[in-house]
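I'll drop the sequence and a predicted model, then ask my questions.
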Amino acid sequence: MNESTETVLPMKDILFSFGEMAGALLVGLGIGVLSVLKKKNIMRGWFAKQETVKMQAHTRVHETLTELRMLVRASRAVIFQYHNGGRFADGTSIKRFSVTHESCASGVSGMILESQDVLVTRYMELIELLDHKPNQIIAVSSLSEGSLRSILEINNVVYFSLGKLKCQDSLTPMGFVCCHWCGFEELDKMHEEGVSDTSLQEVIENSIRTINNHLLIAHK
């Protein structure tokens, strides 16, 4: 009968094998950790870049709003944006709007602090004007007595214009831009210089289109 023989590895070979496996495991773990860190750094850099783009977009919104105010010689130019302000008892959304950007001429008081979380239902005439007289220059004295006329008169507005802002789908309302003239003088001067209301409406419309584009970038 043949005796079976077993090969016994020397202890140093066994230790060497374990060392190789441990080394491979550590290398694998190291590569995995480096990969995770790299991904985190990439994501962190991406988010930082996105935040920078958004901040730059908001800066351009304010710059364009100020430029609009100066071009049409308005006293105040304001951006209102719609948002959901809670829900009624039946579950339907309570629609509100708030001032998000504002540019005022020297000596003209701002509205941003007093115009937050405003109920849309309080100013239905404003919504109707947005639909029927977008970008037109409207005399406050032509408005019927109500909340809209009252708030404009409180802020010393004699003429104003309203222009729509739209979401990415070009259908959903995002808000509106409002220009205020707190006196007759600047509009009268422009009329004397041969600037028509139609020309002013075109300037307002073009500026609002630019503002809208910047806001879409800021909201991404």
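Perfect, thanks for sending it.

Give me the number of neighbouring residues for Cys179.
Using other CB atoms under 10 Å, Cys179 has 29 neighbouring residues. Backbone N, C-alpha and C define where each C-beta goes, glycine included.

In this structure, what helix or strand scores lowest on average pLDDT?
helix 11-71 (a mean of 69; mean pLDDT, DSSP states H and E).

Following element in sequence after it, please.
strand 76-87 (DSSP states H and E).

Just checking: what are the partner strands of the helix or strand following that next one?
Scanning forward in sequence from strand 76-87 by DSSP H and E, the next helix or strand is strand 93-104. With DSSP bridges as the test, strand 93-104 is paired with strand 76-87 (antiparallel), strand 118-119 (antiparallel).

Give me the buried positions along the longest one.
Of the residues in strand 76-87, those buried under the neighbour-count criterion (16 or more other CB atoms under 10 Å) are 76-82, 85.

Now tabulate the residues you listed in TSV and tack on pLDDT and distance to Ser161.
Below are the buried residues of strand 76-87 laid out as TSV (pLDDT from 0 to 100; distance: CB to CB, whole Å):
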residue	pLDDT	distance to Ser161
Arg76	98	11
Ala77	98	10
Val78	97	11
Ile79	97	13
Phe80	97	13
Gln81	96	17
Tyr82	95	19
Gly85	72	26
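
Looking at these, which is nearest Tyr159?
Taking CB to CB as the measure, Tyr159 lies nearest Arg76 of these, at 11.3 Å.

From Gln201, how far off is the closest residue to Arg69 other than its chain neighbours?
Excluding the flanking residues, the one nearest Arg69 by CB to CB, 6 or more residues apart in numbering is Ala77, at 3.9 Å. Going from Ala77 to Gln201 by CB to CB, to the nearest Å gives 15 Å.

With Ala218 instead?
25 Å.

okay, now Glu114: neighbour count?
Glu114 has 12 nearby residues by other CB under 10 Å.

picking that back up, correct me, but the residue nearest to Arg69 touches Cys182?
No - when contacts are counted by CB atoms under 8 Å, Ala77 is not listed as touching Cys182 (12.0 Å).

Please state the offset of stretch 112-124 from the chain centre?
Chain-centre distance of stretch 112-124: 18 Å, with CA atoms, centre = their mean, to the nearest Å.

mind checking the end-to-end distance for it?
Start-to-end span of stretch 112-124 (CA to CA, to the nearest Å) is 20 Å.

tally of neighbours for Leu216?
By the criterion of other CB under 10 Å, Leu216 has 15 neighbours.

How about it: what's its closest non-neighbour residue?
Gln168 (5.8 Å).

So that neighbour lies in a strand, does it not?
No - with DSSP: H, G, I helix; E, B strand; the rest coil as the criterion, Gln168 is coil rather than part of a strand.
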